[in-house]
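Student: Build me a model:
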Amino acid sequence: VQLVESGGGLVQPGGSLRLSCAASGFTFSTYRMSWYRQAPGKERELVASISSDGGSTNYAASVKGRFTISRDNAKNTVYLQMNSLKPDDTAVYYCKAVRNVPTMTYWGKGTLVTVSS
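Tutor: Okay, here's the model as predicted:
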């Protein structure tokens, strides 16, 4: 099983980035997918999540209206489009896969996003 995040980097405030998380080794289309982030010295927090069929999404209040989560089950990939980035968005972003029956959880290793001028 693998979750591999990509697309992180350095971006100026107000800029955009698109993160990708490529999944392998499990039945991607049956898992709810989420993006989390962890800033230095802070707890890991949920950023956005999407249902297994892509029909339902939810977002943290801090990113609502700026970030969009989406998935392509044919490509086993989940995305996070991040617009209007702020310095407070600086963090390592992690991809998570969850299935409830039976319970299974997988995490990626993360990709660093730095928002700075």
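Student: switch to C-alpha atoms for all contacts and neighbour counts from now on
Tutor: OK.
Student: Does W107 touch Y94 like I think?
Tutor: Yes: when contacts are counted by Cα atoms under 8 Å, W107 is listed as touching Y94 (7.0 Å).
Student: Who has more neighbours out of these two?
Tutor: With other Cα atoms under 10 Å as the criterion, W107 and Y94 differ in neighbour count, and Y94 comes out ahead with 26 against 19.
Student: Please name the residues that touch the more buried one.
Tutor: The neighbours of Y94, taking Cα atoms under 8 Å, 6 or more residues apart in numbering as the test, are E5, W35, Y36, R37, W107, G108, K109, G110, T111.
Student: The strand or helix carrying V4 pairs with which strands, parallel or anti?
Tutor: Using DSSP states H and E, the element containing V4 is strand 2-6. The sheet places strand 2-6 alongside strand 17-24 (antiparallel), with pairing taken from DSSP bridges.
Student: after the partner strand, next one along is what?
Tutor: Per DSSP H and E, the first helix or strand lying C-terminal to strand 17-24 is strand 32-38.
Student: Quick one: list the elements packing against that following strand.
Tutor: Contacts of strand 32-38 with other secondary structure elements, assessed using 3 or more Cα pairs under 8 Å, 6 or more residues apart in numbering; DSSP states H and E, are made with strand 45-50, strand 91-99.
Student: who's in contact with the strand holding V4?
Tutor: 19-25, 94-96, 106-111.
Student: Now do that strand against strand 91-99, angle only.
Tutor: In terms of direction (axes from the mean of the first three to the mean of the last three Cα atoms, to 10 degrees), strand 2-6 departs from strand 91-99 by 150 degrees.
Student: Kindly state the beta-bridge partners for the residue nearest the centre of the chain.
Tutor: The centre of the chain sits closest to W35, judged by Cα atoms, centre = their mean, with a distance of 2.7 Å. For W35, the residues forming beta bridges with it (DSSP bridges) are A48, C95.
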